[in-house]
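have a look at this fold, sequence not included:
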């Protein structure tokens, strides 16, 4: 039971229901996409059929069909009604039927928001059916009307794509138009003597300055002024909507504000670039910083610090020219990756892998502007992918983790980071060692407890040599690749006859689980009987 969607050329065919999409390329199964929302509203292919877009009620996801992975996902507060590929852009439309308004977003293929438009319907029963560009103008079309969304000439269109000027933000500390040192990244492992947790923000440091002024990065209304832990942890939450609007909306969190000096109060309207407070002097010398995050909550005010951390603000900051790619360190002595039996601390020789195997990589990233401290300069990368290449079997490039959007519950830290005596993840003022369990993934960007069940299931692969490759990216899309040869050596006793390779096994064939003689071969394990002797086990894959 389900539905079918076919690309224009017939190259790709999608079979899907409320739970998953099965992608077929030239009628051969390619990969599977798990759906986290049942409300799949639209499926779109790019003109070259390289990319697949999924429009849900409140989110849009972009997949690379060639590399079989999720590129990015964006959430929206208003329900989505339309999406379309426009050459080098992706247009997405949301609407508010009560107010008869619709919002049109233009994204590039890296997920950067290039432009946002707001228009109102002229008639109550209208709905956007198409977005098109004609004569350097962009239109939203309904049954009855064609709405001019914006005018831009070729030069402006080039700048639009190049600069990503819409919905980006300045740095919250002066100079606001310059890069600043980063002391901690979004989703980073941290443990200061209690329980480990995902760092819910980015820390922008002022290593040689104290009491630095803090400026708003966007217009908004102050919905929270509170502390979660005495003097050093006062914070402002500035929302996109006013105190008259209780529904869910996004905003920015500015933490570690000095409560003894001037600061904004609940109810204040704040304009972009306006002074909102000053940094409190930090008890650790040189680590004065603003803890900065994009958050989401609901209510007229936000009196409890239980907001959701929904997006990594480092992606939005401009300028953001980072030229240093992530770095791979040895996970074990003289080897870049460590291998252990799935969900255990039983480590394996990379020349003798067997069973269900977790692959562990030790990676850090460094921002272009240093904090002046080699330990604090070690951040986590934005995204990690891996692939395993063999002579006959391959694990195609798979997304391990993406630290760009909503953070999971802190109880899932062990799904991402290895924490034992061999691969001991640490994150505090004195140590930064990040061991990522890169095979703990179902291939999407959502970190779930079920991801810990995933591993490299070597029993499904022939014994032999394989190349493990890991890719690490930062927020500026700098990429480092690290690879290592390993060998699978599962116990001998079952021969695997590969597809399209002829073989000869004369004799009576029996199905192993029940010992019954069979005359038709299906998937399973069999043995061959010749002259009252059991000659061989055969695994049919």
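Everything's here; your move. Bear in mind that the values here come from a model prediction, so they are computed numbers and not experimental data. Numbering: from 1, shown residues only.

doesn't residue 451 lie inside a helix?
Yes - assessed with DSSP: H, G, I helix; E, B strand; the rest coil, residue 451 lies in a helix.

tally of neighbours for it?
21 (other Cβ atoms under 10 Å). (Glycine included, C-beta is placed from N, CA and C.)

tell me the contacts of residue 132?
Contacts for residue 132 (Cβ atoms under 8 Å, 6 or more residues apart in numbering) come out as 86, 138-139, 141.

wasn't it part of a strand?
Yes - counting by three-state DSSP, residue 132 falls inside a strand.

in what helix or strand does the spatially closest residue to residue 519 that is not a sequence neighbour lie?
Closest residue in space to residue 519, ignoring its immediate chain neighbours: residue 509 at 7.9 Å, by Cβ to Cβ, 6 or more residues apart in numbering. Using DSSP states H and E, residue 509 falls within strand 508-511.

related to what we said a few turns ago, out of the contacts of residue 132, give me the two with the largest separation.
Largest separation among the contacts of residue 132 by Cβ to Cβ: 86 and 141, giving 13.1 Å.

what's the overlap in contacts for the two?
Residues touching both residue 86 and residue 141 by Cβ under 8 Å, 6+ apart: 131-132.

return the helix or strand in the chain with minimum mean pLDDT.
Least confident helix or strand of the chain, by mean pLDDT, DSSP states H and E, is helix 154-163 with a mean of 43.

and the helix or strand that comes right after it, what does it pack onto?
For helix 154-163, the succeeding helix or strand toward the C-terminus, using DSSP H and E, is strand 182-184. Applying 3 or more Cβ pairs under 8 Å, 6 or more residues apart in numbering; DSSP states H and E, one finds that strand 182-184 contacts strand 202-205.

now find how far off-centre the helix or strand just after the strand it packs on is within its chain.
Next in sequence after strand 202-205, counting helices and strands by DSSP H and E, comes strand 213-215. Averaged C-alpha coordinates place strand 213-215 at 30 Å from its chain's average position (Cα atoms, centre = their mean, to the nearest Å).

strand 213-215 pairs with which strands, parallel or anti?
Each strand paired with strand 213-215, and its direction, by DSSP bridges: strand 275-278 (antiparallel).

got the contact list for the strand it pairs with?
Outside strand 275-278, the residues that touch it by Cβ under 8 Å, 6+ apart are 211-216, 222, 236, 238, 254, 257-258, 261-264, 270.

just the buried members of these?
212, 214-216, 222, 236, 238, 254, 257-258, 263-264, 270 (16 or more other Cβ atoms under 10 Å).

now the residues you listed in CSV, with distance to residue 149 and pLDDT?
Below are the buried ones among the contacts of strand 275-278 laid out as CSV (distance: Cβ to Cβ, whole Å; pLDDT from 0 to 100):
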residue, distance to residue 149, pLDDT
212, 40, 98
214, 35, 99
215, 31, 99
216, 28, 98
222, 32, 98
236, 34, 98
238, 28, 98
254, 33, 99
257, 39, 98
258, 44, 98
263, 39, 98
264, 34, 98
270, 28, 98
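
and the furthest pair within the residues you listed?
Among the buried ones among the contacts of strand 275-278, 212 and 222 lie farthest apart (Cβ to Cβ), at 19.6 Å.

for residue 117, helix, strand, or coil?
Applying three-state DSSP: residue 117 is strand.

who is it paired with across the strands?
Beta-bridge partners of residue 117, as defined by DSSP bridges: residue 104.

can you give me the helices for this structure?
154-163, 413-416 (DSSP state H).

could you check how far the one residue sitting closest to the centre of the chain is from residue 518?
Closest residue to the average C-alpha location of the chain: residue 402 at 2.9 Å, with Cα atoms, centre = their mean. Separation of residue 402 from residue 518 (Cβ to Cβ, to the nearest Å): 46 Å.

mind listing what residue 55 touches?
40-44, 80, 82-83, 92.

which among the residues you listed end up buried?
40, 42-44, 80, 82-83, 92.

same list, those, but as TSV with distance to residue 296 and pLDDT please.
Formatted as TSV, the buried ones among the contacts of residue 55 follow (distance: Cβ to Cβ, whole Å; pLDDT from 0 to 100):
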residue	distance to residue 296	pLDDT
40	23	84
42	24	90
43	27	94
44	26	94
80	17	91
82	23	92
83	22	94
92	18	94
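
mind putting these into CSV with distance to residue 68?
Shown next, in CSV, are these (distance: Cβ to Cβ, whole Å):
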residue, distance to residue 68
40, 19
42, 21
43, 16
44, 18
80, 24
82, 26
83, 21
92, 23
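
for beta bridges, what are the partners of residue 214?
residue 277.

what's near enough to touch it?
Applying Cβ under 8 Å, 6+ apart, we find residue 214 in contact with 172-173, 254, 257, 275-279, 290.

filter the residues you listed down to the buried ones, PyMOL style.
For the buried members of the contacts of residue 214, the matching PyMOL selection, counting by 16+ other Cβ under 10 Å, is:
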select buried, resi 172+173+254+257+276+277+278+279+290
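
greatest separation within the contacts of residue 214: which pair is it?
Most distant of the contacts of residue 214, by Cβ to Cβ, are 275 and 290, 13.2 Å apart.

show me where the stretch 351-500 of the chain has strands.
356-364, 383-390, 394-402, 426-427, 432-433, 435-437, 456-457, 464-473, 479-488, 495-496 (DSSP state E, counting those that start in this stretch).

counting contacts, what elements does the fourth one pack onto?
Right, strand 426-427. strand 189-190, strand 432-433.

adjacent strands (with direction) for the last one?
Each strand pairing with strand 432-433, determined using DSSP bridges, is listed with its direction: strand 426-427 (antiparallel).

what do you get for the first one?
Listed by DSSP bridges, the sheet partners of strand 189-190 and their directions read strand 197-198 (antiparallel).

got a list of what residue 179 touches?
Going by Cβ under 8 Å, 6+ apart, the list of residues near residue 179 reads 171, 319-322, 367-369.

switch to 7 Å and redo it
For residue 179, the contact set (Cβ atoms under 7 Å, 6 or more residues apart in numbering) comprises 319, 368-369.

turn these into TSV, including distance to residue 336 and neighbour count.
Shown next, in TSV, are the contacts of residue 179 (distance: Cβ to Cβ, whole Å; neighbours: other Cβ atoms under 10 Å):
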residue	distance to residue 336	neighbour count
319	33	11
368	24	15
369	27	17
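
okay, the helices and strands packed on strand 426-427, which one's buried deepest?
strand 189-190 (a mean of 21; mean count of other Cβ atoms under 10 Å).

quick check: mean pLDDT of that strand?
In this model, strand 189-190 has an average pLDDT of 98.

contacts for that strand, please.
Strand 189-190 has contacts (Cβ under 7 Å, 6+ apart) with 196-197, 199, 413, 417, 425, 427-428, 434.

just the buried ones from those residues, in ChimeraX syntax?
A single ChimeraX command selects the buried members of these (16+ other Cβ under 10 Å):
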select :196,197,199,413,417,425,427,434
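
and which of the contacts of strand 189-190 is nearest residue 99?
Nearest member of the contacts of strand 189-190 to residue 99, counting by Cβ to Cβ, is residue 199, at 37.5 Å.
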